[in-house]
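Visitor: Just need the structure, nothing else, for what follows:
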Amino acid sequence: MTFAEEHRAAMTGSSIVDLIGVVTGVDAIRHRSLQVQQAARTQVRTFITAPFVAVPPDENTVERMAIGRGVRFRAVLDRDVPAEPGIVRDAIDSLHNGVRLRVAERLPMKLVLADAELGLVPLATTSAGEPDAVLLHRGGLLDAMDALFETVWRTAHPLEVPGPGQEAEPIRLGADGPTDLDRKILALLLAGVTDSTAAVQLGLSSRTPHRRLRHLMDLSGVRTRMQLGGHAVRHGWAEPAAPRQA
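Guide: Numbering: from 1, shown residues only. Just a heads-up that it's a prediction; the model follows:
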């Protein structure tokens, strides 16, 4: 019997004690995290924050297999995560595999959700130095985590990169407003991503984001990036451009 089948069988006539379990130790949390993802039938949703204790993103061996059987993955990264070594390349690989990624200003916790039936919430370390996690089965607490993820997802900023074999779009120096590339750079700026990280994610030279943002500051008549961010939000500059009429 699989972990998912065991879970569904155990939920019949379950009490509150059955709905919550505590997992202690790095190895146990890693094992449960992978099990939760393996149990998913339609979707996996995650909050990713640093530091990585049990399952670093580049060691998530379940993701590709789950995608192969039709499971959809959505992940929200804390704004500090893209600065971690190797994360940008791993994010690009995940995007190319069909994972949808967004960046939030600050995430409240780590989180793994499988459909609406299982959840894993890693917690702080114990007094003995071992990390703890709470395993949630279907119930009110899991419903709350479900609602929290969707709320954060709606307000987070999407990450996009050129598709496999595609080149980053050419840079146009139009004076009337932001180009499509500018809009992508602005979205990353609003998400708190650094210039160097944005350059890697968009397939640009290291200086291009700085140059494009400087151009947009001149265009909008502002002096700081914070002011540019406010101008971009007010004028819809960070939104995808409307399709051109034929």
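Visitor: Do you have the helices of the chain handy? List them.
Guide: With DSSP state H, the ranges of helices along the chain come out as 3-10, 16-19, 26-39, 62-68, 87-96, 140-155, 180-190, 195-202, 208-220, 225-235.
Visitor: CSV please, covering those helices and showing distance to residue 117.
Guide: C-beta: built from backbone N, CA, C; applies to glycine. Shown next, in CSV, are those (distance: least, C-beta to C-beta, whole Å):
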stretch, distance to residue 117
helix 3-10, 7
helix 16-19, 11
helix 26-39, 7
helix 62-68, 15
helix 87-96, 23
helix 140-155, 8
helix 180-190, 33
helix 195-202, 33
helix 208-220, 41
helix 225-235, 37
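Visitor: So for the protein, which residue is the most central one in space?
Guide: residue 76 (2.3 Å; C-alpha atoms, centre = their mean).
Visitor: My guess is it contacts residue 107. True?
Guide: Yes. Applying C-beta atoms under 8 Å, one finds residue 76 in contact with residue 107, separated by 6.4 Å.
Visitor: Touching both of those two, which residues are there?
Guide: 47, 48, 152 (C-beta atoms under 8 Å, 6 or more residues apart in numbering).
Visitor: give the contact list for the residue nearest to the centre of the chain.
Guide: 46, 47, 48, 101, 102, 103, 104, 107, 149, 152, 153, 156.
Visitor: let's see it at 10 Å
Guide: Residue 76 makes contact with 45-49, 100-104, 107, 111, 149, 152-153, 155-157, according to C-beta atoms under 10 Å, 6 or more residues apart in numbering.
Visitor: what residues go with each domain of the protein?
Guide: Residue ranges for the domains of the chain, per automatic domain parsing: 20-158, 180-235.
Visitor: tell me the mean pLDDT for the shortest one?
Guide: Okay, so that is domain 180-235. Domain 180-235 shows a mean pLDDT of 85.
Visitor: What ranges in the protein fall below the confidence cut-off?
Guide: 1-20, 54, 124-128, 160-176, 239-246 (pLDDT under 70).
Visitor: Kind regards, and thank you for your time.
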